[in-house]
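S.K.: sequence-free structure coming up:
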């Protein structure tokens with residue numbers, strides 16, 4: 001098995017793990033699930049995102065290929081945005097009109113699996 005295919009399959013498996021523990025019907029419920037780990041320890045939230053560490057490793061192995069830098073940037077931005085929302089909603093409890101509407105928005109099933117399809121393409125482009 002080629003190194004690229006190995007990384008793609010590993011990344012898909014880890015991304016499916018991340019989807020499984022965050023899966024919910026609304027954005028507010030997704031944030032609640034993240035907040036459960038955040039309450040215990042913020043570093044636990046980072047540990048629950050193993051694809052971020054795999055992205056760092058792949059970036060280093062590929063000599064910092066631009067596609068893998070993009071992948072890492074998207075992963076890091078995703079985690080940071082979720083943590084900002086968790087802090088705003090559960091710690092500061094600053095939830096206003098638009099934010100309440102956003103938290104009640106239904107999360108379609110395909111939205112959660114976007115990374116399972118998109119990230120392997122970036123890995124393929126970056127490792128070949």
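M.R.: All right, it came through fine. Note that the structure is a prediction, hence the values are computed from the model and not measured.
S.K.: how distant is stretch 40-53 from the center of its chain?
M.R.: When C-alpha coordinates are averaged (CA atoms, centre = their mean, to the nearest Å), stretch 40-53 and its chain have centres 10 Å apart.
S.K.: got the end-to-end distance for it?
M.R.: Stretch 40-53 has an end-to-end distance of 21 Å (CA to CA, to the nearest Å).
S.K.: mind listing what's buried along that stretch?
M.R.: For stretch 40-53, the buried set under the neighbour-count rule, 16 or more other CB atoms under 10 Å, comprises 45, 48, 49, 50, 51, 52. Every residue, glycine included, has its C-beta placed from N, CA and C.
S.K.: among the residues you listed, which two are most distant?
M.R.: 45 and 51 (13.3 Å; CB to CB).
S.K.: so who does residue 122 touch?
M.R.: When contacts are counted by CB atoms under 8 Å, 6 or more residues apart in numbering, residue 122 is found next to 67, 68, 70, 71.
S.K.: any low-confidence regions in the chain?
M.R.: 1 (pLDDT under 70).
S.K.: now do the helices in it.
M.R.: 3-22, 27-40, 42-47, 50-61, 66-86, 97-103, 109-112, 114-127 (DSSP state H).
S.K.: now do the shared contacts for residue 45 and residue 51.
M.R.: Overlap of the contact sets of residue 45 and residue 51 (by CB under 8 Å, 6+ apart) is empty.
S.K.: picking that back up, out of the contacts of residue 122, who's the most crowded?
M.R.: Note: the member of those with the most neighbours is residue 71, at 27 neighbours, neighbours being other CB atoms under 10 Å.
S.K.: report the contact partners of that one.
M.R.: 55, 58, 59, 119, 122, 123, 126.
S.K.: give me the neighbour count for the first one.
M.R.: Other residues within reach of residue 55 by the criterion other CB under 10 Å amount to 27.
S.K.: count the residues that sit near the residue lying closest to it once chain neighbours are set aside.
M.R.: Leaving aside its sequence neighbours, residue 55 sits nearest to residue 72 (CB to CB, 6 or more residues apart in numbering; 4.3 Å). Residues near residue 72, counting by other CB under 10 Å, number 19.
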